[in-house]
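Undergrad: sequence and predicted structure, then a few things I'm wondering about:
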Amino acid sequence: MKKFMNTAETMVAESTEGFVRAHEEFVAFGIDRKCIRRRHLVPGKVAIISGGGAGHEPMHIGFVGRGMLDAACVGHIFTSPTPSQIVSAIEETDTGAGCLLIVKNYDGDVMNFEMAAEMAAGRHRIEIVLACDDIETVRAGDGRGRRGVAGTLITERLLGAAAEQGAPLAALKAFGDSLSPRIRSMGVALTGVAVPHTQRTTFTLGSNEIEMGVGIHGEPGHSREPFANADTIVRRLSETIVNDIRQTTGTGLLLVNGLGGTPPAELYLAYKIARDFMVNHGLRIERSLVGAYATSLDMQGLSVTLAFLSEEEISLWDSPVATAALRWGC
Amino acid sequence: MKKFMNTAETMVAESTEGFVRAHEEFVAFGIDRKCIRRRHLVPGKVAIISGGGAGHEPMHIGFVGRGMLDAACVGHIFTSPTPSQIVSAIEETDTGAGCLLIVKNYDGDVMNFEMAAEMAAGRHRIEIVLACDDIETVRAGDGRGRRGVAGTLITERLLGAAAEQGAPLAALKAFGDSLSPRIRSMGVALTGVAVPHTQRTTFTLGSNEIEMGVGIHGEPGHSREPFANADTIVRRLSETIVNDIRQTTGTGLLLVNGLGGTPPAELYLAYKIARDFMVNHGLRIERSLVGAYATSLDMQGLSVTLAFLSEEEISLWDSPVATAALRWGC
Amino acid sequence: MSANAARRLSRMFHRISVAISAEKDHLSDLDGAIGDADHGITMSLGFQAVNGELAKHDLDEILPSEVFSLAASAFLDAVGASTGPLYATAFRKAAQALKRDETLSVAAQAAIVEAMTSGIRDRGKGQRGDKTMLDAWIPATEAAAAARDRQSSVSDMWDGILEAADAGARSTRSMVATRGRAARLGERSLGHIDPGAASAVVIIKAMKETFTENEPAE
Amino acid sequence: MSANAARRLSRMFHRISVAISAEKDHLSDLDGAIGDADHGITMSLGFQAVNGELAKHDLDEILPSEVFSLAASAFLDAVGASTGPLYATAFRKAAQALKRDETLSVAAQAAIVEAMTSGIRDRGKGQRGDKTMLDAWIPATEAAAAARDRQSSVSDMWDGILEAADAGARSTRSMVATRGRAARLGERSLGHIDPGAASAVVIIKAMKETFTENEPAE
Ligand SMILES: Nc1ncnc2c1ncn2[C@@H]1O[C@H](COP(=O)(O)OP(=O)(O)O)[C@@H](O)[C@H]1O
Ligand SMILES: Nc1ncnc2c1ncn2[C@@H]1O[C@H](COP(=O)(O)OP(=O)(O)O)[C@@H](O)[C@H]1O
Ligand SMILES: [Mg+2]
Ligand SMILES: [Mg+2]
Ligand SMILES: [Mg+2]
Ligand SMILES: [Mg+2]
C-alpha cells in the first residue's frame, strides 16, 4: 500500500490544510480547524452545512463556497465528524436565518449530526435533510436502507443554490426531502482499499473479479461478480438505477463519479455507455458531470448517478457556483 | 489489469465520444472526428491548437473552450496524432488570423506537427510553440532534452487568454517561447501502467520502490528509489524544480497534478508539502491548481509544477476561461 | 468513599482502554468483513481520549457520576463515528443513574449497565437482533437485572453479565444486519460477528475485572 | 515491367507487415524498457494501413514510385507517433528516387535504401549513435552504396545490407540514447536494444527476401 502520506494520524489534517491553502479564494478554516467554512458569508441566508468522514475528497470540502455549502466538517477517514465540530460550524455560519444540515444517511453520521442539532437547538433553528441516493439494497427494512453517496452533491448544489436565492429554512427542508425519490446512484469497485490506520484492505478482489453495489467507504457491495467489459458493467449499473428511481419525468442529470483511482478517460468512457443506455430508454439527459467528486480513498471504481429535475431546479443547478470542485457562472 | 474499457482498439474513440457528449456546451467533434473543436469560434482570433497522444485526459481536450484552445487532436494512446488530423484542425479553426500550434516536446509530436505545418503552410499562417517544462534530464544534449508535461497547461492557458484578448500571431509566438525558462515540472510514480494494446506494464515497481522523474507516458524515470514518506518525496521534487528553474521573480503558480490513479486527498497533501517548501525558500505562491490535469493512464503518482508569472500574465491567468477541465470567471 | 469510587471508575476506564487497544486489530478486521474496517481505531481513540481527560482531573474531588460525564464528552469529541454518539449517550445515561446513588454498590453497578444499554438503544434506535452492539448489551442488562432481583453477589452478577454478553455477541454471527453499515450487505453479513458486539464484550470484561477485584490499598 | 515492379513492391510491403506483426510483442517489449511500449503497435498499424491502401489500387496501372507515395500517406494517416513521419518521409524520398528509375534494378534497390535513410535523417534530425533506427539504416545505406560501387549481385548486396543493419541494431545496446523518448533515460537506456533499430532490421530482412526471391510466374 503505497500512498502519498506521512503518518496515518496526520494524513487528514495535512491534506485538509493543503486544500484550504490551495483554495483560499473560497474557503477558510473555522475556529480550531473544527470545520472548513466559506470565506465570505452572506448575512441573512440560511447556512447550509454538511460533512462526513475524510477519504471522500473533494466531497464535502470541495463544495464549500458561493451557491453551495457554508461549511463542511471532516472526520477521521470514513468516520463521521463529532457533534462538537458540527456545533462549531453551526455557530460560525448561522447568520440568523437558521441552518440546514445535509447528512449522508449512515447511522454514524445521522447520530452525530442529530446530537449536534440537539446541543445547538437552544440557540439556532436547525433542520436536517438526509441524502440517501444509493439504490435500494437487499433488506432496506424501515426505509433507512439507502445510504448517501455521490448523488449527495446534487442535493448540496440545489439546496445551496436555493439558499443563495433567499429560500427560508422551512422551504429548504421541504425541498431537500422532496429530492430523495429522484436521485439514484450505484457503484462498482475493481479493487478494495486499505484504510491507512489499519493497513488492511477492506476486501481483496482477484484479477478477474469486481464488487457490485459498493458505497464510498471501501465496504463490500451486494455481490462479487466476474470482471466484464465496460459495456456490461456500466449498463448493469444504469439499468439498476433506472429500475429503482421513482420518478423519471423532467430533465435528466447524469453524473459519473470516480472513486479515486480511476482516471478521467475511463470515466468518460463509462459516461458514454451510461448516457447511451439512458437515451435508448427514452430519458432526456441534459446536464452532465464526470469526474472524481465523491471518492473512496484510492479505490479503482466508479458510480453512476441519475437525477430528474424540474425546469426550476435546472435553473438552480445552472445558477452561479464557485467552489473548489464545482464552478460555473462566476 | 482491470480497466473500464471494451476493447483496446475502441477505447480512445469511446472515451472521446463520452467527453464530447458530456461537454457539448463547450466542444464539438470536428469533421470526421479528426479533432475536438471549440463549439463557437471567435472570428479574427488566432486559433490555438494543441494535441498529443490519448491517455493524458483531460489534457488537451479538457482545455478546449473560451480562453484556452480552439481545437485539440487526439492520437492513439501515448502516440502523437497524425498530420492529417492536425491539418484538419487548422482548417476548421483558422478564421484568418493564423494558427498557433502548442506542441509537447517529444520527437514524435514535434515531427507530426511540423509535417502538418508544412502541409498547411500554403493556405495558413502557422507558428509552433514547444512546451518543455520537465526538469533538465541527464543528457539534455542540444537543449531538446526537456519534454512537455503538466506545465503545458499553463502555456495553453496563457496563450489562449492572450489570443482571446486579440494578440496577433507573432506576439503569441514570442510570448509562448518566453515562457519556457519559467515553468518547471517533475513527476514521481508509485506504479507503472499497462498500455491497453499490449497489456504489458511499462515498468513494475516493488511494494517498496518508487520511480523518480517520470513523464506522462508510463516510461521509466531517472532513478528507482526506495519508497519514502510524502515529505521526503515531495520535497525532493520541489527542490529539484527550484534548482532547475531559471527565473524565480514574479508571482509563483504552483500546480500539483495527479497522474490518474492518485486521489484528490493525496494530491492536496502533496500540495501542502510543496507549498511549504516553496514558501520556506522565500518564493511567493499566489495561484494554485490541484487535480488530475495531465494523466498517464491510471498511474499512481503525481507531478509538481512551478511557474513564475508577471503581473500581466497573472491577469491573463485570471481572465475568464470556460473549458471542461478549467473554468472560472464565466 | 465517592472519591474512592471515582478512582475505581477511572481504573475501569483505564482497563477498558488497555483491553480495547490489545484487541484493536482484531476489531478492525471484524469491521473490515462487514463494515469499513475502523472499529478498532474508533474504539481505542475514544477510550484513550477518556483516559486523557480523566488524567486532567483530581479524582478526589469528583463524583462517580462526573467521571461518566467527563467520559461521555471526551469520547464524543474524540471519535464521531457510530460509536461516539452511542457510547457518549451510554455514559451520560450512566452518569444520570449514578446521581441517584454515587456508591458503586452492586445495585449501582447493575444500574450502570442498564443505563448504558438504554442510552445506546435510544441513540441508535435499534433493538435486539439488528446485529449490533445491542446484541451484547441487552442480554448483559437482562442478566444484571436478574442478578439484582436475586440479590446475587458482585462476582456472581458479573459472571452472569459477561456470559450473557458473550453469548449475545457470538449469536450475531448468524444474524443478518439491519442497522449500521453492515445492513447494506444483506445476507452477506451472515457468518461474521458484529464488531460492536465484540467490543462490548471487551468492555464488559474490563468492567467485571474492575468491580470484582480486591480494592488495592492506596 | 513496371506494373510487375509495382506488384513486387506490394509483395514487399505485405511481407514487411507479416514480419512486423510477428515481432509486434517483442518490439513493444523493447520499447517498454526504454520508451512507452507501443512500438510494435505503431509499426504494425502503419504497415497494415499500407497494405490496406495498396489493396485498393490496380497494381497493373501504377508505377513503383506511386506505390511508395501511397505507402507514405497511408502510413502517416494511420500512425502519428515518431514512426509515422519518419517512415512516411522515408517512403516519399524513395518515391522521388524511383521516379528517376522505375525498374527496380539493383541500383534502384540501393537507391531505395539510401533515400529512405536520408528521409529518416531529415525528418528526425538525428545521426548515427543517437540510439535510434538510424543506427540500423545508416550502416545499411553504406553497405548498399559499397555494393553498388563494387557492382555486387543482388543477393550479395542484400546480404551486406542486412548484416550491416543487424550489427548496427545490436550496437545500440551499448549506446546512451540522445533522440526519442529514450533520451530522457540517460545512462539507464544502456543495455537495451533500440526498438526502432530492431524493427528496421525486420523491415530490411523482408525487403531482402522480396528482392532476392525468384520472381513467381504470374
Ligand atoms: N444504530 C445502531 N445501534 C447500535 N449499534 C450500532 C448502530 N449502528 C452501528 N452500531 C454499532 O457500531 C459498530 C460499528 O462501529 P464503528 O466501526 O466504530 O463505526 P462506523 O460504522 O461509523 O465505522 C457496529 O458494529 C455496530 O455494533
Ligand atoms: N528523431 C528521431 N530520429 C530517428 N529515429 C527516431 C527519432 N525519434 C524516435 N526515433 C525512433 O522511433 C522509435 C520509437 O518509435 P515508436 O515507439 O513507434 O514511437 P513513439 O516514441 O512516439 O512512441 C525509437 O526506438 C527510435 O528508433
Ligand atoms: Mg467508520
Ligand atoms: Mg508512443
Ligand atoms: Mg466502522
Ligand atoms: Mg513508443
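TA: Happy to help now that I have it. Ligands and ions are numbered 1, 2, ... in the order given.

Undergrad: other SSEs contacting the longest helix seen in chain C?
TA: Among the segments of chain C that qualify as a helix by DSSP state H, the longest is helix C:2-22. Helices and strands touching helix C:2-22, by 3 or more CB pairs under 8 Å, 6 or more residues apart in numbering or on different chains; DSSP states H and E, are helix C:39-54, helix C:64-79, helix C:195-212. For glycine as for every other residue, the C-beta is placed from the backbone atoms N, C-alpha and C.

Undergrad: ok, now with 10 Å
TA: Other helices and strands packing on helix C:2-22, by 3 or more CB pairs under 10 Å, 6 or more residues apart in numbering or on different chains; DSSP states H and E, are helix C:39-54, helix C:64-79, helix C:83-99, helix C:106-124, helix C:195-212.

Undergrad: burial measure for A:P181, as a count.
TA: 12 (other CB atoms under 10 Å in any protein chain shown).

Undergrad: check A:S185 too.
TA: The number of residues near A:S185, taken as other CB under 10 Å, comes to 31.

Undergrad: returning to that earlier point: so for ligand 2, which of the helices and strands packed on helix C:2-22 sits nearest?
TA: With CB to the nearest ligand atom as the measure, helix C:39-54 is the member of the helices and strands packed on helix C:2-22 nearest ligand 2 (46.1 Å).

Undergrad: who's in contact with A:G166?
TA: By CB atoms under 10 Å, 6 or more residues apart in numbering or on different chains, the contact set of A:G166 is A:V42, A:G44, A:K45, A:V46, A:A97.

Undergrad: turn these into a markdown table, columns for distance to D:M175, neighbour count and secondary structure.
TA: Shown next, in a markdown table, are the contacts of A:G166 (distance: CB to CB, whole Å; neighbours: other CB atoms under 10 Å in any protein chain shown; DSSP: H, G, I helix; E, B strand; the rest coil):
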| residue | distance to D:M175 | neighbour count | secondary structure |
| --- | --- | --- | --- |
| A:V42 | 65 | 16 | coil |
| A:G44 | 72 | 9 | coil |
| A:K45 | 67 | 20 | coil |
| A:V46 | 69 | 30 | coil |
| A:A97 | 72 | 19 | coil |
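
Undergrad: which among those gets closest to B:T249?
TA: Among the contacts of A:G166, A:V42 lies closest to B:T249 (CB to CB), at 38.5 Å.

Undergrad: excluding covalently adjacent residues, which one is nearest to the residue in the stretch 101-250 of chain A positioned nearest to ligand 1?
TA: As assessed by CB to the nearest ligand atom, ligand 1 sits closest to A:G108 within the stretch 101-250 of chain A, at 3.2 Å. Excluding the flanking residues, the one nearest A:G108 by CB to CB, 6 or more residues apart in numbering or on different chains is C:S82, at 3.7 Å.

Undergrad: residue ranges with poor pLDDT in chain C?
TA: Per-residue confidence for chain C (pLDDT under 70) gives these ranges: C:1-3, C:215-218.

Undergrad: for chain A, what's the longest helix?
TA: From DSSP H, the single longest helix across chain A is helix A:264-280.

Undergrad: next SSE downstream of that helix?
TA: strand A:285-291 (DSSP states H and E).

Undergrad: what are the pairing partners of that next one, and which direction each?
TA: strand A:251-258 (parallel) (DSSP bridges).

Undergrad: the partner strand to helix A:264-280, inter-axis angle?
TA: Strand A:251-258 and helix A:264-280 are oriented at 150 degrees to each other (axes from the mean of the first three to the mean of the last three CA atoms, to 10 degrees).

Undergrad: chain center to strand A:251-258: distance?
TA: How far strand A:251-258 lies from its chain's middle: 13 Å, per CA atoms, centre = their mean, to the nearest Å.

Undergrad: how about stretch A:320-330?
TA: 16 Å.

Undergrad: so is it next to chain B?
TA: Yes. Stretch A:320-330 reaches chain B (CB under 10 Å from any CB of the partner chain) through A:P320, A:A322, A:A324, A:A325, A:L326, A:R327, A:W328, A:G329, A:C330.

Undergrad: which ones among these lie within strands?
TA: A:A322, A:R327, A:W328 (DSSP state E).

Undergrad: between those, which is closest to D:R173?
TA: A:R327 (52.0 Å).

Undergrad: for the nearest residue to that closest one once chain neighbours are set aside, name its beta-bridge partners.
TA: Closest residue to A:R327 apart from its sequence neighbours, by CB to CB, 6+ apart: B:R327 at 5.5 Å. Bridge pairing for B:R327 (DSSP bridges) gives the partners B:A322.

Undergrad: what about B:R327, neighbour count?
TA: B:R327 - counted by other CB under 10 Å - has 20 other residues nearby.

Undergrad: residues in contact with it?
TA: Contacts of B:R327 (CB under 10 Å, 6+ apart): A:L326, A:R327, A:W328, A:G329, B:F26, B:G62, B:G65, B:R66, B:G67, B:M68, B:P320, B:V321.

Undergrad: tell me the buried residues within those.
TA: Neighbour-count burial (16 or more other CB atoms under 10 Å in any protein chain shown) is assigned, among the contacts of B:R327, to A:L326, A:R327, A:W328, B:F26, B:G62, B:G65, B:R66, B:G67, B:M68, B:V321.

Undergrad: would you reformat those residues as JSON lines and include distance to D:L98?
TA: As requested, the buried ones among the contacts of B:R327 are exported to JSON lines (distance: CB to CB, whole Å):
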{"residue": "A:L326", "distance to D:L98": "60"}
{"residue": "A:R327", "distance to D:L98": "59"}
{"residue": "A:W328", "distance to D:L98": "58"}
{"residue": "B:F26", "distance to D:L98": "48"}
{"residue": "B:G62", "distance to D:L98": "45"}
{"residue": "B:G65", "distance to D:L98": "47"}
{"residue": "B:R66", "distance to D:L98": "50"}
{"residue": "B:G67", "distance to D:L98": "50"}
{"residue": "B:M68", "distance to D:L98": "45"}
{"residue": "B:V321", "distance to D:L98": "51"}
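
Undergrad: correct me if wrong: C:D130 contacts C:G168.
TA: No. Using CB atoms under 10 Å, C:D130 makes no contact with C:G168, being 11.8 Å away.

Undergrad: got any residues that touch both of these two?
TA: Joint contacts of C:D130 and C:G168 (CB under 10 Å, 6+ apart) are C:D194.

Undergrad: related to what we said a few turns ago, ok, the residue nearest to A:G108 - how many residues close by?
TA: Neighbourhood size, C:S82 [other CB under 10 Å]: 29.

Undergrad: again with A:V87
TA: Count around A:V87 with other CB under 10 Å applied: 21.

Undergrad: assumed it was part of a strand.
TA: No. Under DSSP: H, G, I helix; E, B strand; the rest coil, A:V87 falls outside any strand and is assigned helix.

Undergrad: and it, how far is that from chain D?
TA: 53 Å (CB to the nearest CB, to the nearest Å).
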